[in-house]
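Enquirer: quick one, structure for this:
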Amino acid sequence: MNVEAWYLEHVLEVIAPTKQSLATFEGFQCNGCNSSQALIRYVGGNFTMLDSQFVDLQSSAAYIAGSFAFVSNSSFQGQGGAVQRQSGIVVSVSSGVEVANCSFSNLVTTANGGAIYAEAASAAIIGSVFSNNSGFTGGAINILASTGNLANNTFDNNTATTGDGGAVLLEALASNANPLAPNFTVSSSTFVNNVAANSAAGIRAMEVYLLDIRNCSFHFNTANGILQGPWQGSAIGVDNDHATTNVFLRDSIITDSLAGASVFLRNALCVGIINTVFANSSQVGLVILGTIGDSCVDNFADSIFRV
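Expert: Just a heads-up that it's a prediction; the model follows:
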């Protein structure tokens, strides 16, 4: 389906009859589209989008509310200067959301999550590229979930214009009833030239049980600390009011953080910094604030801190 439009309420609206219903959008193309809401509005069951392309977006590409959402091999490109009312993709599903092998660029929103805003029991973002996106918080991605997996992604030059998480903001799902969740894993990903007005230009995690970062690289990220001062983590910031967060940073490299501490951890239950290199931080590589839980012995095995 090819669409060239200037202003519509929705290009397509689908209301599924049951939660088991399946709608598949394949080869959908939209050039220069604008709408008062999302171009595609899907409510009900399972949503799949394959091999689709959105060019010069001036509004949200899709609003998905149902059971499960899967988006693959698709691209979403904004105009840069054009401000969207919502993220490139907005997802609110009862089960899970998976985005694989997609690209998101030049998406600008006055909401949270410039490219993706997702509320789901589980979220997976795999093999995708996020460049030059911006949102109030979570310049590229804002995820509220019980479990999350981000793997093999690239985040370049994304911006949180008023708050935290220049590239990624991870939060506990409000309805989560499991005290051992949410759990987030970030692996084999690159974070370069991202900016946060406040804290954590790379990854910001709030009220999570586990944050496990593996084989990632962070370079030239900047957190300006306009609300909470300069120690809020230019690359990574983790904040928890209840001292229940376990943070592991493994086999990674963090260099050239341009403001404050490279990594800032507050009220962590357990911290492991393993085989990780910190180099050329503008002020300090790592700040841990608050009491570490008695059940954990800090592990800084084979890590290197360089001025």
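Enquirer: sketch out the low-pLDDT regions of this structure for me.
Expert: 1-13, 16-19, 34-37, 79-87, 173-181, 226-232, 241-244, 282-283, 290-307 (pLDDT under 70).
Enquirer: show me what contacts the closest residue to F136 other than its chain neighbours?
Expert: Closest residue to F136 apart from its sequence neighbours, by C-beta to C-beta, 6 or more residues apart in numbering: T162 at 4.7 Å. Heads up, the C-betas are built off the backbone N, CA and C, glycines and all. T162 is in contact with 136-137, 197-198, counting by C-beta atoms under 8 Å, 6 or more residues apart in numbering.
Enquirer: now, of these, which are buried?
Expert: 136-137, 197-198 (16 or more other C-beta atoms under 10 Å).
Enquirer: can I get those residues in a markdown table with secondary structure and distance to L249?
Expert: Below are the buried ones among the contacts of T162 laid out as a markdown table (DSSP: H, G, I helix; E, B strand; the rest coil; distance: C-beta to C-beta, whole Å):
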| residue | secondary structure | distance to L249 |
| --- | --- | --- |
| F136 | coil | 27 |
| T137 | coil | 22 |
| A197 | coil | 24 |
| N198 | coil | 21 |
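Enquirer: so which pair among the residues you listed is furthest apart in space?
Expert: F136 and N198 (10.6 Å; C-beta to C-beta).
Enquirer: okay, and the common contacts of the two?
Expert: The contact sets of F136 and N198 overlap at 160, 162-163 (C-beta under 8 Å, 6+ apart).
Enquirer: which of those residues sits closest to T255?
Expert: Nearest to T255 among these: A160, at 20.8 Å, using C-beta to C-beta.
Enquirer: quick one: the contacts of T162 as a markdown table, columns for distance to A124 too.
Expert: A markdown table is the format used below for the contacts of T162 (distance: C-beta to C-beta, whole Å):
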| residue | distance to A124 |
| --- | --- |
| F136 | 24 |
| T137 | 21 |
| A197 | 28 |
| N198 | 27 |
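Enquirer: just curious, which of those is nearest to D239?
Expert: Among the contacts of T162, and counting by C-beta to C-beta, the member closest to D239 is N198, at 10.9 Å.
Enquirer: surely the closest one touches G233?
Expert: No: the pair N198 / G233 is not scored as a contact, 10.1 Å apart, by C-beta atoms under 8 Å.
Enquirer: overlap in contacts, the two.
Expert: With C-beta under 8 Å, 6+ apart as the test, N198 and G233 both reach A223.
Enquirer: list the buried residues for stretch 276-285?
Expert: Buried residues in stretch 276-285 (16+ other C-beta under 10 Å): 276-279, 281, 284-285.
Enquirer: quick one: end-to-end distance for it.
Expert: Terminal residues of stretch 276-285 are spaced 11 Å apart (C-alpha to C-alpha, to the nearest Å).
Enquirer: what ranges do the helices span in the chain?
Expert: Per DSSP state H, the chain carries no helices over any range.
Enquirer: is I116 bridged to anything, and to what?
Expert: Bridge pairing for I116 (DSSP bridges) gives the partners I89, I141.
Enquirer: and it, how close does it get to N149?
Expert: 14 Å (C-beta to C-beta, to the nearest Å).
Enquirer: comparing the two, which shows the higher neighbour count?
Expert: I116 (29 against 17; other C-beta atoms under 10 Å).
Enquirer: shouldn't the more buried one be in contact with V91?
Expert: Yes: when contacts are counted by C-beta under 8 Å, I116 is listed as touching V91 (7.3 Å).
Enquirer: check contacts around A172.
Expert: By C-beta under 8 Å, 6+ apart, the contact set of A172 is 144, 146, 181-182, 206-208.
Enquirer: so for A261, what's the nearest residue that isn't a sequence neighbour?
Expert: Nearest in space to A261, with sequence neighbours left out and distances taken as C-beta to C-beta, 6+ apart, is V287 at 4.2 Å.
Enquirer: can you tell me how far that neighbour is from A268?
Expert: Going from V287 to A268 by C-beta to C-beta gives 11 Å.
Enquirer: comparing the two, which residue is more hemmed in?
Expert: A268 (24 against 17).
Enquirer: check the gap between the more buried one and A205 for me.
Expert: Taking C-beta to C-beta, one finds A268 at 10 Å from A205.
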